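Q: I'll drop the sequence and a predicted model, then ask my questions.
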Amino acid sequence: MESASHMPTAGPLQDVQFGVFGLGNKQYEHFNAVGKKLYQAMQSLGARPVCRRGDGDDDDSIEDDFEKWCTELLAALDDQPQLLGAPAESGTEQVMATYRVEVLSDAQEAPPFPDGFGQSAHDPYWATVTEVRELHTAASERSCVHVEIDISNNRQLRYETGDHVGIHARNEDSVVSAVAAALGLPLETVFVLHTDGEGASGDLDPPIPGPIRLSTALAYFADVLSCPHKDALLALASCATEEKEAARLRHLASPAGKAEYTDYIASKHRSLLEIMQSFPSSCPSLGLFFGSIAPRLAPRYYSISSGSHSNPHSVHVTCAVIRDVMPTGRIHNGVCSYYLQRCKPGDKIPIFVRRSTFKMPEDPHTPLIMIGPGTGLAPFRGFIQDREALVADMAEMGPAVLFFGCRNRAHDYIYEAELTAAVETGALSQLHVAFSRAGLQKDYVQHHMEQQAEQLWGLLQQPGCCVYVCGDAKSMARDVHRTLISVAQNQGKMTEAQAESWVKYLSDSGRYHKDVW
């Protein structure tokens, strides 16, 4: 795509017309970059857009963005009937994706995931939890847990410092029971889903493992705490026995009901479970529920907070436990964070490793600048552990500076003793800590970067110096990015445009790394 952008307008695709709708989130720096590049590349190759490029924003309502773009696309296609295929037969109805369900009275239940090697989400390893401890003090109103997971019995599962661990979490028992009640089925129901045969219809994903107990299926495979998509509302409407409820669901899923969908569901974070409870006559079959209504529960990813050299057989996770009150009054517990908080030593959990490019330089002499408030500290804890191993080997190292932030030293200064010890041993050259709620004024990591601007610029001028940022993409990462530009502008005597170009060069040359969410 990069080379295509330099080609003349009249190109090999000059007889092609196209449309692009990108999927993205405005919280990220490179919002819809792939869609934008593809749109530009297609035009550079001579293709002509049927309508404007669509930019879906998952931070708002990506379905509404898509519907608006589709309206423009269809209007453009109406003006160019030669681009359309043969019209569909009148009376054709949308086919709901539905599995064929076989209920079994006497069958041995299969595990939700086979015990694999932990190389991917489809091949998780059932690892043993060895430790769960609270990192916040009793004075904190929030929770953050440190979890250690033993992988010593799996010779195939190895990680490198900076990698991510994927965890297949499970819904809590109260949620599982509530969904089963909404489905009108006992938790002990054992069944198998099939994609073929009488009763199966639509475009179906591979079924979940079976035979499986309903309680297990709802725990590991049903995302019922997210807002329902509009297709799910239509599926619920199709099985509603009360016409008033069916009409309301169809309206919420329609273009005319866009504002009401936003107000009733999206803005209030109303979950699929709440919708099922609010429309009790919509009692779907298991085949329709798993085929068209409940998305698969996705694995959650965490930056591994241990060093692979010092802890090769143990994966550490640093997890902020989510507990929010939704506008509807519902208490929302984070599916995976609450799951990890409830784990006990000896429990088995399905995990896998996802490779990352968030790595320390191979040359230990390379200076490091690390910025990670809150649980953004996680990968840097692994970096520090590996540097401590080098200290123990009497190896020479370049400087390593850490900017960490939390709310209050007495509440949520996680791993304080470890960080203090790292400075004493030399694994960390300097530690700068921002306490955002300790005084009258907010104090964040970027403020400490500004205070250390001269030192930062000096490090950045050293060969290969790398900057690492981990944590919140919405505010922190953007503020840190702007601060880097400010440091370059003021310390490097550059214009703003020159400073922006210099920071971009830092990123393009592999010296500016981000692990943000």
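A: Alright, I've got the coordinates.

Q: Next one: Gly162 from Cys466, what distance?
A: Separation of Gly162 from Cys466 (CB to CB, to the nearest Å) stands at 12 Å. All C-beta spots, glycine's among them, are computed from the backbone N, C-alpha and C.

Q: residues shared between the contacts of these two?
A: The contact sets of Gly162 and Cys466 overlap at Met360 (CB atoms under 8 Å, 6 or more residues apart in numbering).

Q: out of the two, which sits in the busier spot?
A: Comparing Gly162 with Cys466 by neighbour count (other CB atoms under 10 Å), the higher total belongs to Gly162, at 25 against 21.

Q: for the more buried one, phi and psi?
A: Torsion angles at Gly162 (phi, psi; degrees, to the nearest 10) stand at phi 100, psi -10.

Q: Would you agree it is in contact with Gly382?
A: Yes. Using CB atoms under 8 Å, Gly162 is in contact with Gly382, at 6.5 Å.

Q: list residues touching both of those two?
A: Contact criterion CB under 8 Å, 6+ apart; residues shared by Gly162 and Gly382: Ile304.

Q: What part of the protein, helix or strand, is modelled with the least confidence?
A: Each helix and strand of the chain was given a mean pLDDT (mean pLDDT, DSSP states H and E); the minimum falls on helix 62-78 at a mean of 79.

Q: After it, which helix or strand is next?
A: strand 100-104 (DSSP states H and E).

Q: Can you list the strands that that following strand pairs with?
A: Its sheet considered, strand 100-104 pairs with strand 190-194 (antiparallel) by DSSP bridges.

Q: So for the strand it pairs with, mean pLDDT?
A: The average pLDDT within strand 190-194 is 97.

Q: contacts for that strand?
A: Contact with strand 190-194 is made by 99-105, 107, 109, 200, 207-208, 210-214, 217, 286-287, 290, as judged by CB under 8 Å, 6+ apart.

Q: Apply 6 Å and report the result again.
A: Residues outside strand 190-194 that contact it (CB atoms under 6 Å, 6 or more residues apart in numbering) are 99-104, 107, 200, 207, 210-211, 213.

Q: Please, a PyMOL command that selects the buried ones among these?
A: This is how PyMOL selects the buried members of the contacts of strand 190-194, with burial counted by 16 or more other CB atoms under 10 Å:
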select buried, resi 99+100+101+102+200+207+210+211+213
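
Q: Same list (the contacts of strand 190-194) but as JSON lines, adding distance to Leu77.
A: Compiled in JSON lines, those are given as follows (distance: CB to CB, whole Å):
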{"residue": "Tyr99", "distance to Leu77": "33"}
{"residue": "Arg100", "distance to Leu77": "36"}
{"residue": "Val101", "distance to Leu77": "38"}
{"residue": "Glu102", "distance to Leu77": "42"}
{"residue": "Val103", "distance to Leu77": "45"}
{"residue": "Leu104", "distance to Leu77": "48"}
{"residue": "Ala107", "distance to Leu77": "50"}
{"residue": "Ala200", "distance to Leu77": "32"}
{"residue": "Pro207", "distance to Leu77": "35"}
{"residue": "Gly210", "distance to Leu77": "42"}
{"residue": "Pro211", "distance to Leu77": "46"}
{"residue": "Arg213", "distance to Leu77": "48"}
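
Q: Using pLDDT, spot the least trustworthy of the contacts of strand 190-194.
A: Ala107 (83).
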